[in-house]
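**Q** what follows is a predicted protein model with its sequence.
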Amino acid sequence: MKKSLQTSKKIKLIRFAMILSIIFILLFLGLGTSYNRYKRTASDVVLAGNLEESISLMSDKSAINLALQHERKIKEAEEERIKRLEEERLKEEKAKKAEMAGEKIADDRADKGQAAVDHKANDNKDNKLEQNIDNSGVKRAYLTFDDGPSAQVTPRVLDVLKEYNIKATFFVVGHAAEKNPDILRRIYEEGHAIGNHTYSHRYEYVYRNISNLLKEIEITDRLLKNVLGEDFETKLFRFPGGSFGEERAPFREAVVERGYTYYDWNSLNGDAEGHYIPKDRLFQRFKSTFRGQEELIVLMHDTDAKYTTVESLPYIIEYLQEKGYEFHMLE
């Protein structure tokens, strides 16, 4: 009996041990699943964080690339602008040298007491140049202003002329007249003569061939009519830099054939030799080209950089008045 009881206890202990083992196994499996679930969740969080970080990094790189591209484009545009400005500066410098060369010829001719007009190219009967210059013995002065109208200087020139009750001749550049139509109208309404001085005043284009020159004259004539009215007409013309030299003989002939009268000059104030030249120097320069010519055609300019021309103008006018000159417009 006693032996049977002991056997029964052993069986119970074995069963209890087995139950505990099963419980531990189940607990272990449950914890493992939870751990794996936790591990997966944590991994997902890390991966998600890396993805966001990667996207953020990619976005930063794209923004940097866009900024660099934009900066590169700005730099290229600036380099192009500087290049264009330099080209324009060189063109202006070339044009200025050509004009100064023309003025030097005029100055040399003035020193010899000659009119700065090449009459050899003007033997055509239809050219009224010599007929328009009075030979009555009365000393006449023709004040001429080139390259305007300008917004600042031309009105001041007009004010001085009005003060002295003098009429002058303005050889206007088409693109300047296009910018300042009101000032062009004022020149016309105050009774001054208006001549054609080409549209662009660009030597390298105007003198490339006769066709270019005539085209520029035609464009400027049309522009003048648009501003001043269809009834307006001018046959006055001045070559940029003057008509001097045998190389311009074909251009002179082409202009005369189309009924224009072109004028150069036999005196000047030297304002084309630089900007902001002191008024005293301009006046002395004028006097150096003055030889008591019976017919005096004075070259000056009315672009915005020539404000000292305005300041010297009263001195020139009063000097000529003292010398007994009458003031007239070219016709």
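**A** All right, it came through fine.

**Q** just the helices in this structure please.
**A** 2-111, 129-132, 153-164, 174-179, 181-189, 203-206, 210-228, 249-257, 279-289, 307-322 (DSSP state H).

**Q** contacting residues around the residue lying closest to residue 152 once chain neighbours are set aside?
**A** Nearest in space to residue 152, with sequence neighbours left out and distances taken as Cβ to Cβ, 6 or more residues apart in numbering, is residue 304 at 4.6 Å. All C-beta spots, glycine's among them, are computed from the backbone N, C-alpha and C. Contacts for residue 304 (Cβ atoms under 8 Å, 6 or more residues apart in numbering) come out as 150-153.

**Q** now, among those, which is nearest to residue 176?
**A** residue 150 (6.5 Å; Cβ to Cβ).

**Q** check what pLDDT the closest one gets.
**A** We have a pLDDT of 98 for residue 150.

**Q** tell me how many other residues crowd it.
**A** Residues within reach of residue 150, counting by other Cβ atoms under 10 Å, total 23.

**Q** and if you look at residue 235?
**A** Around residue 235 there are 15 other residues, counting by other Cβ under 10 Å.

**Q** and residue 73, by the same measure?
**A** Counted with other Cβ under 10 Å, residue 73 comes out at 10.

**Q** adding distance to residue 19 as columns, could you present the contacts of residue 304 in CSV?
**A** Output for those, formatted as CSV (distance: Cβ to Cβ, whole Å):
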residue, distance to residue 19
150, 113
151, 110
152, 112
153, 116
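
**Q** can you tell me which of those are buried?
**A** Buried subset of the contacts of residue 304 (neighbour count, 16 or more other Cβ atoms under 10 Å): 150, 153.

**Q** among the contacts of residue 304, which one sits closest to residue 63?
**A** residue 151 (45.6 Å).

**Q** so the closest one makes contact with residue 183?
**A** Yes - counting by Cβ atoms under 8 Å, residue 151 does reach residue 183; the two are 6.9 Å apart.

**Q** touching, residue 314 and residue 161? I think so.
**A** No - counting by Cβ under 8 Å, residue 314 does not reach residue 161; the two are 10.3 Å apart.

**Q** the more surrounded of those two?
**A** Each of residue 314 and residue 161 has its neighbours counted (other Cβ under 10 Å); residue 161 has more, 21 against 14.

**Q** the residue nearest to the more buried one when sequence neighbours are not counted: neighbouring residues, count only.
**A** Nearest residue to residue 161 in three dimensions, chain neighbours excluded: residue 168, at 5.6 Å (Cβ to Cβ, 6+ apart). Each residue near residue 168 was counted by other Cβ under 10 Å, and the total is 26.
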